[in-house]
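**Q** A structural model of the following input is requested.
(one chain, ligands or ions: 2)
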Amino acid sequence: MPKISRRTLLKSAAVVGAYGAGVGLAGRFGMAKAAAHPITLEAVKRDAVIVGNEATHSVLTYESAGLNVGPMPPLLRLTRGEPFAAQLKNSIDEPTTIHWHGLRIPNAMDGVPFLTQPYVYTGDTFDYAFTPPDAGTFWYHPHCNTLTQMGHGMTGVLVVEDPDDPVFDAEIVLNLRDWRLGGDGQFIAQFKPRDAAKSGTYGTVRTANWAVEPTHDAPAGGLVRLRLAVTDVTRIYTLKLVGADALIMAIDGQPLPVGEPLDTAVISPGQRLDLIIRMPDDEGAIVKLEDIRPSTPKVVANFRAVGTSLKRNLGDAPTFRPNAPVEADFSTATAIPLVLSATAENAAKESFCGSLGYSFWAINKVPWPGDSDDPTAPLAELKLGQTYLLNMENVTPHAHPIHLHGMNFQVVSSSNGPVAPLVSDTYLIMPDEKVQLALVADNLGDWVFHCHIIEHQKTGMTGYFRVI
Ligand code: C2O
Ligand code: CU
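**A** Ligands and ions are numbered 1, 2, ... in the order given. Predicted coordinates for the structure are as follows:
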């Protein structure tokens, strides 16, 4: 069980009070209209077949009556600008919450225990309600005892549709993740401390939609929209498509101005990718999505052409309506230095929401939670509406997918060469890279900023910004 100091609890209670129903919900997007069809997401423990024929025990997932079938957390479809409501019901034997990764929603709905909401204890419920302002591919997961809960299954994909989204011949959504299973198909230790201090502990079984190397049918000669979300706790993919051409249409939910031909794409934990694939004309032809990061390429998923060719042209693929840009005012921007480093290996300090028992990583030399007299102080206080430049530097020999809650940033420059002015919530910073990210502090509250390699997050590479 997580340890919580009285001090932290009291402080958190105050924060929840300040940003609770009032300020948070009123937020930037106006008072929430009620959703027409609230859903229930029940956190449950189940047996599920992941690999082979033997059921894996103690799989953790979400169930929602009438939504999807099968053991995987349901694919949620929301509509941009339309209120959405989900009641989390906790039927697992430890506290949990839901974080809506990449959605710019009020702080009180962000799902971070003690920072934005109380724990949802076993048997309790919590009502999430918000209106997604951006369309695209997103995902959801707990923010509590995260390595176990996500590692055991609680990662789901969330699509926000735009009523004006172009229609393609098919759409396939893939939830990419691994599992730490032994030869008997049962969970093994979720991490090894030695690996947590490096690039993280990899899974032993790779899946797409909880299946090993699945094959999906798609219309021959058709244009297929493929939405990918890397919900794994560790693995960075270098994806390549074999047997078809494709365009990258959106990265991390944010449409590119024009589709870019896919050669390879690096996509790290927390990130999403939207592709348009031009399926082959021949019935039965197989397109392979491969991860070429390991020395031997691994098949992630297959797509099989079915029917007579629709004879589409990849060049005709319509682009997507953009989401709101980051309207940075560089003339008044304040710089915030953020140095990502390793830290002296230490027993972790008492923290809320579970601890892996170690600290290996730090932001600005402070492994979360800090050891100052204010161990849970924010990295910086940001003024509502102001522009900030996050000057981030990675002085470690490992890549870190750094994720910011509640707001988007724009990539401004990198020491690794020219950058596209991408807007995102997750940036994969390479070893020795220096990057500049512009951010407009336009959402009130406490927003977590952490590495999405969960072992890094949970052994120190975490902090948050307070927007006041
Ligand atoms: Cu995907 Cu702090 O989360
Ligand atoms: Cu990291």
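
**Q** Strands of the stretch 51-200 of the chain, residue ranges please.
**A** Per DSSP state E, counting those that start in this stretch, the stretch 51-200 of the chain carries strands over the ranges 55-63, 76-79, 84-90, 99-101, 125-130, 136-141, 156-161, 170-179.

**Q** Save these as JSON lines, and put in mean neighbour count too.
**A** Backbone N, C-alpha and C define where each C-beta goes, glycine included. Formatted as JSON lines, the strands of the stretch 51-200 of the chain follow (neighbours: other Cβ atoms under 10 Å):
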{"stretch": "strand 55-63", "mean neighbour count": "19"}
{"stretch": "strand 76-79", "mean neighbour count": "18"}
{"stretch": "strand 84-90", "mean neighbour count": "20"}
{"stretch": "strand 99-101", "mean neighbour count": "25"}
{"stretch": "strand 125-130", "mean neighbour count": "18"}
{"stretch": "strand 136-141", "mean neighbour count": "25"}
{"stretch": "strand 156-161", "mean neighbour count": "23"}
{"stretch": "strand 170-179", "mean neighbour count": "21"}
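
**Q** Could you save those strands as CSV and add columns showing distance to residue 448 and mean pLDDT?
**A** CSV is the format used below for those (distance: least, Cβ to Cβ, whole Å; pLDDT from 0 to 100):
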stretch, distance to residue 448, mean pLDDT
strand 55-63, 21, 98
strand 76-79, 21, 97
strand 84-90, 18, 97
strand 99-101, 8, 98
strand 125-130, 17, 98
strand 136-141, 13, 98
strand 156-161, 18, 98
strand 170-179, 21, 98
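
**Q** Output the ones you listed in JSON lines; the columns should cover distance to ligand 2.
**A** JSON lines is the format used below for the strands of the stretch 51-200 of the chain (distance: least, Cβ to the ion, whole Å):
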{"stretch": "strand 55-63", "distance to ligand 2": "23"}
{"stretch": "strand 76-79", "distance to ligand 2": "27"}
{"stretch": "strand 84-90", "distance to ligand 2": "27"}
{"stretch": "strand 99-101", "distance to ligand 2": "16"}
{"stretch": "strand 125-130", "distance to ligand 2": "27"}
{"stretch": "strand 136-141", "distance to ligand 2": "16"}
{"stretch": "strand 156-161", "distance to ligand 2": "22"}
{"stretch": "strand 170-179", "distance to ligand 2": "16"}
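
**Q** Can you get me a residue count around the closest residue to ligand 2 within the stretch 251-400 of the chain?
**A** Nearest residue of the stretch 251-400 of the chain to ligand 2, counting by Cβ to the ion: residue 400, 3.3 Å away. For residue 400, the neighbour count with other Cβ atoms under 10 Å is 28.

**Q** give me every residue that touches it.
**A** By Cβ atoms under 8 Å, 6 or more residues apart in numbering, the contact list for residue 400 reads 340, 394, 428-429, 451, 453, 456, 461.

**Q** Make CSV out of the strands of the stretch 51-200 of the chain and add distance to residue 316.
**A** Putting the strands of the stretch 51-200 of the chain into CSV (distance: least, Cβ to Cβ, whole Å) gives the following:
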stretch, distance to residue 316
strand 55-63, 38
strand 76-79, 25
strand 84-90, 32
strand 99-101, 32
strand 125-130, 35
strand 136-141, 21
strand 156-161, 21
strand 170-179, 16
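
**Q** who wins for proximity to residue 446 among those strands?
**A** Relative to residue 446, the nearest member of the strands of the stretch 51-200 of the chain by Cβ to Cβ is strand 99-101, separated by 12.9 Å.

**Q** Can you give the distance of that closest one from its chain's centre?
**A** Chain-centre distance of strand 99-101: 7 Å, with Cα atoms, centre = their mean, to the nearest Å.
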